[in-house]
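[1] Okay, predicted coordinates and the sequence, questions at the end:
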Amino acid sequence: MATFENQQYTKEMLLIDGHRYEECVFTNCTLTYEGGELPAFINCQFPGTRVQLAGAASQTITYLSGLYKGGFSKKIEPILEGVQRGVYPPEERPKPPPPGHTGINFRELYITHAVLIGGTLLLIFAIWYSYITYPFYEILDEGQPLFEEFPLEAMPALPDSLAEQYDLRRDEQLALLDSYGWVDEEAQIVHIPVTAAFDLLIEQQSTTTDEETE
Amino acid sequence: MAAVKNKTFQNEVVPVDGKQFRDCVFNNATLEFAGGELPTFTDCRFNDVKLQFQDAAANTLKLLGGLRNGGFSTAIDEILESVRE
């Protein structure tokens, strides 16, 4: 595409296919177009200039004319009107949706609704059946654990004599509670039976109270 | 120029440049012209055909529309009117 800028053309015959003209003046010229790449005119002036079609462009007009006279006038007229309005190629209207999508196809509508309603009822039934059959209140058999038991192998090992040791220790403690003896002989600290200790405490308390009264 | 005889075109795009159609039937077909040699139709039947333009033919129509809106309305109208005559 050749570009021509600020040119003055006077009484010339120009082949305009594929050319770009900027700020040019065409005076009494003939612009010839042969159907090639579209030309571009930017801020140009055309006093007394005419347009001429040749080659494929002329063939196109002849073709249109032939079809128009051959019975295709109703097909050609919208094309000519589109060219006159500068909207060629005419904008094609979007194709209408298929009848199945327009809502007038009641058979498909019924089938769709039946499938939807059937599916919904099936889902409700499945939820209800699951609810009534799920073992919320299952009664355990004798000896059946509620949950899986922890394996004994994983438990820490305890001595078999633990219970005997506990009993011995407990007897020793009970014997201490009911006997006299030394706790620390050097410090002169003794232990006495609990019952004797209570009596001693009560006696000491009453003695103190009498002294305060006097 | 290629000759096409006794053929039925159904739901298809038919390039028509330089062809001689004789005794052909076009059913819901699209006649596509690209600005080449003119076709001829002899004893043909056309049922719901569409017209389509390509290449030079489409360029020509686009240029005519552009020129008409660009100050050449009288000249372009004369060309278009010549089609109708």
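    Good, I have the coordinates. Numbers count the residues shown, from 1 in each chain, chains lettered A, B, ... in the order given.
[2] Let me see the ranges of the helices in the chain.
    You didn't pick a chain, so chain A it is. A:55-67, A:73-85, A:106-133, A:162-177, A:194-213 (DSSP state H).
[3] if you could check chain B rather than the one you did, that'd help
    B:55-69, B:73-84.
[4] does chain A sit close to the first one?
    Spelled out, it's helix B:55-69. Yes - counting by Cβ under 8 Å from any Cβ of the partner chain, chain A is contacted by helix B:55-69 at B:55-69. The way it works is simple: take the backbone N, C-alpha and C, and place the C-beta from them, glycine included.
[5] closest to chain A among the residues you listed?
    B:Ala56 (3.0 Å; Cβ to the nearest Cβ).
[6] Can you give me the distance of the residue nearest the centre of chain B to chain A?
    Nearest to the mean C-alpha position of chain B, by Cα atoms, centre = their mean, lies B:Phe33 at 4.5 Å. Counting by Cβ to the nearest Cβ, to the nearest Å, the separation of B:Phe33 from chain A is 5 Å.
[7] residue contacts, the spatially closest residue to that residue that is not a sequence neighbour?
    Excluding the flanking residues, the one nearest B:Phe33 by Cβ to Cβ, 6 or more residues apart in numbering or on different chains is B:Ala57, at 5.0 Å. Shown in contact with B:Ala57 (Cβ atoms under 8 Å, 6 or more residues apart in numbering or on different chains): A:35, A:56, A:59-60, A:63, B:33-35.
[8] what's the closest of the helices of chain A to chain B?
    Chain B lies closest, by Cβ to the nearest Cβ, to one member of the helices of chain A: helix A:55-67, at 3.3 Å.
[9] Give the buried residues for the closest one.
    If you call a residue buried by 16 or more other Cβ atoms under 10 Å in any protein chain shown, then helix A:55-67 has these buried ones: A:55-61, A:63-64, A:66-67.
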